[in-house]
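Trainee: What would the 3D arrangement of this be:
(2 chains)
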Amino acid sequence: MENNTILSIRDLTVHYITREMGTCRAVNDFSLDIFRGETVGLVGETGAGKTTVALSIMRLLQTPPAKIVSGSIEYNGEDLLRKPVKQMRSIRGQEISMIFQDPMTALNPIDTVGKQIAEVIRLHQSVSDAEAAVKAGDMMELIGIPRDRYNEYPHQFSGGMKQRIVIAMALACSPQLLLADEPTTALDVTIQAQVLDKIDELKKMLNTSVLLITHDLGVVAGMCDRVVVMYAGEIVEYGTTREIFKHALHPYTKGLFNSLPSQDTERLKPIPGLMPDPSNLPERCKFEPRCEHCGEKCSACTPQLTEIRENHWVRCHYAQEG
Amino acid sequence: MEKSDNILEVKDLQKYFDVASGELHAVDHLTFSIRRGETLGVVGESGCGKSTLGRVLLHLVEPTGGEMRYNGEDITKVSRKRLSELRRQMQMIFQDPYSSLNPRFTVFQTIAEPMEIAGGFTKRQIEEKVYAMMDTVGLDRRLVNSYPHELDGGRRQRIGIGRALILEPEFIVCDEPVSALDVSIQAQIINLLLDIQEQRKLTYVFITHDMMVVKYISDRILVMYMGEVAELAESKKLFEKPLHPYTKALLSAVPVPDVDNRQQRIILKGEVTSPINPKPGCRFAARCRYATEICTCESPQPAEYEPGHLVSCHHAQEINKNI
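Mentor: Residues are numbered from 1 along each chain as shown, chains lettered A, B, ... in the order given. Below you'll find the model as predicted:
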C-alpha cells in the first residue's frame, strides 16, 4: 500500500433501517483514498450521503437505525470499523477530527470556550490542567481570538467566532485528518472567507489532510485539490479539481454546473425532476430518471466507475461520447 | 402628477426595536424607490436589516418613522380596511418552505386561503383558480390534497409562490426564496419566478445573501450594512465597479466556481459592531481599511457618484480614483 495514503475507504455500504421507511440505502459501494496533506472536496445535494460517509469514518453513526453493511475504512493501514470503542475514542479528536455544520449547537453553552478547547487537549495528551489551559490559549490566538476571552461563554461570541472556536477544538491536537462537514454554510460570506482562510492556513502548517463536505462549488474551486461528486449514495465522478471544473463528464455534474447562476447564461438549465427516494433507488444507473442523455445501455446494466481521462473517473455509460 | 414609474417610494424609513440593552436600529433612514416591473435585489449579511425592511414594506411590522408611498399613495399609516385591500396587491414569498406553511393545511387549502380571507369568490371560482395556479407554479394536480410534510423543499416553495400569487398582486417581496434549496432545485425556482414575472409584469424586491443569485435575477441592487444603504446601483454596474469598501469586500469574498479565477479575497478584520444604540459615524468604519477620523464621528450620507449609482462613503472619491 502506498505510504502516501492516510485514509482508504473500500466498498463502504451504509443502510438506515427503520420500521416506517424500510431500508434506506444511504451509501453504496463507496471507495475513496485520501492522501497526506491534500484537501478533497465531497460535493452533492441534500441526501446524497455525504455526512453519512463522514460519520462512518468517525464511527459516530447512530446504530440503529444506521448499519454499516459492508466495506472497510483503513486509517494508516488499520481498519477503523474493527477498532474497539475505547481505541476509537482516542483516535477521535487526536488523529481524526470533525467540524460540524452548525457552530451554534456544537459548543456546550454552560462551559467557557477556553475550558472546552482545553478539555480536548487534556483528554488526549498527558499534560496538567495548567499546561492544557496555556495550549488552549495558544490555539485561540492561532485562530485570531484574543486569549483574554478564554473565560467567556459561547453566547458571547458571534457565529463566525464560534465556528473558529470549533475549528480550534478540532485542530487542538494537530490531527492528521480533518473532516469538515459544511463548515461555513451557516456563515456570511465575509466571515466564510475568514474561516476558510484559517482552515487552509492551519492545514498547511500542520500538514493535515482535509475532507471538505460542501454543496458550494465556489468553495470547492478555491479550496480543494481533488473533487468527489456524490449522487444518491454513490460516487458518480471524481478527479482533480481542474479536471472536474474544466471537463465535467457525468450528466449530473454538468447539471450542477448549469444550475449555477452566472452572467454568461441567458437562462438557467436546472436538472429536471428530483433525487430518487433512498428507500426505493433505481436498479441500474441512479441518475437515469433525470438524465437527458440516457440510452439503451442505461436500462440494461449498471454503469461502473471508469477512468475516462487521466485521474478522472466517471460512472456513466456514455461519458466517453461526451 | 401623472402615474409615476415608481411603484414604491421609501423616504427616511426607520424601524427600531426596543431590546433589553437599548434600541436596535434594524432599518435606519433608508431612502430609495422601486421601479415598476423591475427586480430590486436587497443584499447584506445576516442582521443587516434586509428582512426587516421587507416586512416593513408590507406592513408585517409597523415602521418607526419615515414615509412609504405606494403608487403615489401614502401608506405609512393605513387603516385595517385599506391594508387588507393593499394585501391583494402586495404579497410576500418566505424563505423557509418548511416553517412558513401550515402543516395542517393541504396544498389546496394553503393556496386557497388568501382568496377566502379576501372574500367575494364563489367556491367554484376558488377551485378553478387554485387548479390553474397549481399548473402555473408547476405543481402536479394530483398533489392537491397532500400536506406539506409529504413534499420536498422545492415543491413546498412552489406552494408558497402559488399562495402569494393567487390574488394576482403586482408587487412581491421575496425573502430568501431559494436559500434553503439545493442548487438544482434552486435553479428551477429561479426560472419559475422569472417566467411569472414576465407573464404578469410583476415587481420584485428580492432579498438574499447570495451574491450569485442576486446578480442573476436583479435589475438593480441595494447593498445594506447595519440598517443603512451602503450602495445602490444597477446590477451590472455594481459587480463591475463596486464603490463602497464593504461592497468590494463582500464581492471579493464570494466563492467563484472557476478554477482559473482564484481572485484575491479582501479579508475583513474585526467583527460586526452592534446595531444597538449605534454611535454616530460610519458603521463600517471599524472593519474598513480606509477609515479616517471623519469616519468615526460623522455618518456618511448616500450620494450620487455617477448617475444612478449611490454610495455612502466619505472616501468614495479617493479610493475609486484609479478604477
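
Trainee: tally of neighbours for B:R283?
Mentor: By the measure other CB atoms under 10 Å in any protein chain shown, the count of residues near B:R283 is 27. Where C-beta positions appear, they are placed from N, C-alpha and C, glycine not excepted.

Trainee: Name the nearest residue to it, sequence neighbours excluded.
Mentor: Leaving aside its chain neighbours, B:R283 sits nearest to B:M226 (4.3 Å; criterion: CB to CB, 6 or more residues apart in numbering or on different chains).

Trainee: For the one you found, give me its contacts.
Mentor: By CB atoms under 8 Å, 6 or more residues apart in numbering or on different chains, the contact set of B:M226 is B:H25, B:D28, B:G47, B:C48, B:G49, B:V272, B:T273, B:P275, B:P278, B:R283, B:F284.

Trainee: want to try JSON lines for the residues you listed, with secondary structure as columns?
Mentor: As requested, those are arranged in JSON lines below (DSSP: H, G, I helix; E, B strand; the rest coil):
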{"residue": "B:H25", "secondary structure": "strand"}
{"residue": "B:D28", "secondary structure": "strand"}
{"residue": "B:G47", "secondary structure": "coil"}
{"residue": "B:C48", "secondary structure": "coil"}
{"residue": "B:G49", "secondary structure": "coil"}
{"residue": "B:V272", "secondary structure": "coil"}
{"residue": "B:T273", "secondary structure": "coil"}
{"residue": "B:P275", "secondary structure": "coil"}
{"residue": "B:P278", "secondary structure": "coil"}
{"residue": "B:R283", "secondary structure": "coil"}
{"residue": "B:F284", "secondary structure": "coil"}
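
Trainee: nearest to chain A, of the residues you listed?
Mentor: Nearest to chain A among these is B:V272, at 6.8 Å by CB to the nearest CB.

Trainee: Pick out the residue of the stretch 151-300 of chain B closest to chain A.
Mentor: The minimum distance from the stretch 151-300 of chain B to chain A, using CB to the nearest CB, falls at B:P255 (2.9 Å).

Trainee: Please identify the buried residues of stretch A:149-164?
Mentor: The neighbour-count check on stretch A:149-164 (16 or more other CB atoms under 10 Å in any protein chain shown) flags A:R149, A:Y150, A:P154, A:F157, A:S158, A:G159, A:G160, A:M161, A:K162, A:Q163, A:R164 as buried.

Trainee: Between the two ends of that stretch, how far is it?
Mentor: 13 Å (CA to CA, to the nearest Å).

Trainee: Show the average pLDDT along it.
Mentor: Mean pLDDT, stretch A:149-164: 85.

Trainee: roughly how far apart are A:L177 and chain B?
Mentor: Distance, A:L177 to chain B, by CB to the nearest CB, to the nearest Å: 23 Å.

Trainee: Can you name the residues that contact that residue?
Mentor: A:L177 neighbours (CB under 8 Å, 6+ apart): A:I6, A:L7, A:I34, A:Y75, A:E95, A:I96, A:S97, A:T208, A:S209, A:V210, A:L211.

Trainee: Please apply the same query to B:C288.
Mentor: B:P245, B:Y246, B:C282, B:C295.

Trainee: Could I get the phi/psi values of the spatially most central residue of chain B?
Mentor: Nearest to the mean C-alpha position of chain B, counting by CA atoms, centre = their mean, stands B:I207 at 2.6 Å. With angles defined as degrees, to the nearest 10, B:I207 sits at phi -90, psi 130.

Trainee: Mind telling me which residue of chain A is nearest chain B?
Mentor: Of all residues in chain A, A:G218 sits closest to chain B, at 2.9 Å by CB to the nearest CB.

Trainee: So that residue is in contact with B:N261, correct?
Mentor: No - in this structure A:G218 lies outside contact range of B:N261 using CB atoms under 8 Å: 10.1 Å.

Trainee: Neighbour count: these two, which is higher?
Mentor: The residue with more neighbours, out of A:G218 and B:N261, is A:G218; 18 against 9, by other CB under 10 Å.

Trainee: Nearest spatial neighbour of that one, chain-adjacent residues omitted?
Mentor: Residue nearest to A:G218 in three dimensions, not counting chain neighbours: B:P255, with 2.9 Å by CB to CB, 6+ apart.

Trainee: isn't A:R59 right up against A:K86?
Mentor: No - counting by CB under 8 Å, A:R59 stays clear of A:K86, with 11.8 Å between them.

Trainee: who's more crowded, these two?
Mentor: Neighbour tally, A:R59 and A:K86, criterion other CB under 10 Å: the higher count belongs to A:R59, 18 against 7.

Trainee: Without its sequence neighbours, what residue ends up closest to that one?
Mentor: In space, A:R59 is closest to A:M88, 5.1 Å off (CB to CB, 6+ apart).

Trainee: swap in B:D135?
Mentor: Counting by CB to CB, 6+ apart, B:D135 lies nearest to B:R141, which is 7.4 Å off, once chain neighbours are set aside.

Trainee: A:G77 versus the one you found, what's the distance?
Mentor: Using CB to CB, to the nearest Å, B:R141 is found at 58 Å from A:G77.

Trainee: State the next helix or strand along the chain beyond the helix or strand hosting B:Y216.
Mentor: Assigned by DSSP states H and E, B:Y216 belongs to helix B:211-217. Following helix B:211-217 in sequence order, the next helix or strand is strand B:220-225 (DSSP H and E).

Trainee: on that earlier part again, check the contacts of B:M226 for burial and list the buried ones.
Mentor: Using 16+ other CB under 10 Å as the burial test, those include B:H25, B:D28, B:G47, B:C48, B:G49, B:V272, B:P275, B:P278, B:R283, B:F284 as buried.

Trainee: Please convert the residues you listed to CSV, extending it with pLDDT.
Mentor: What follows is the buried ones among the contacts of B:M226, written out as CSV (pLDDT from 0 to 100):
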residue, pLDDT
B:H25, 90
B:D28, 91
B:G47, 79
B:C48, 86
B:G49, 88
B:V272, 66
B:P275, 80
B:P278, 84
B:R283, 90
B:F284, 91
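
Trainee: which one of those is nearest B:R36?
Mentor: Nearest to B:R36 among these: B:G49, at 24.6 Å, using CB to CB.

Trainee: ok, that closest one touching B:V229?
Mentor: No - taking contacts as CB under 8 Å, B:G49 lies outside contact range of B:V229: 10.5 Å.

Trainee: picking up where we left off before, my guess is the residue nearest to B:D135 contacts B:M133, does it?
Mentor: No - B:R141 lies out of contact with B:M133 (CB under 8 Å); the separation is 10.7 Å.

Trainee: In terms of neighbours, single out the busier of the two.
Mentor: Taking other CB under 10 Å, B:R141 and B:M133 do not tie; B:M133 has more neighbours (21 against 10).

Trainee: Now do the same contact list for B:S46.
Mentor: A:G159, A:D188, B:H209.

Trainee: Pull the contacting residues for the first one.
Mentor: I take that to be A:G159. Applying CB under 8 Å, 6+ apart to A:G159 gives the contacts A:P103, A:M104, A:A186, A:L187, A:D188, A:I191, B:S46.

Trainee: Please produce a PyMOL select command covering the buried subset of these.
Mentor: Entered in PyMOL, the line below selects the buried ones among the contacts of A:G159, by 16+ other CB under 10 Å:
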select buried, chain A and resi 103+186+187+188+191
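
Trainee: Put together JSON lines for the contacts of A:G159, with pLDDT and secondary structure on each row.
Mentor: Shown next, in JSON lines, are the contacts of A:G159 (pLDDT from 0 to 100; DSSP: H, G, I helix; E, B strand; the rest coil):
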{"residue": "A:P103", "pLDDT": "74", "secondary structure": "helix"}
{"residue": "A:M104", "pLDDT": "75", "secondary structure": "helix"}
{"residue": "A:A186", "pLDDT": "72", "secondary structure": "coil"}
{"residue": "A:L187", "pLDDT": "75", "secondary structure": "coil"}
{"residue": "A:D188", "pLDDT": "79", "secondary structure": "coil"}
{"residue": "A:I191", "pLDDT": "77", "secondary structure": "helix"}
{"residue": "B:S46", "pLDDT": "79", "secondary structure": "coil"}
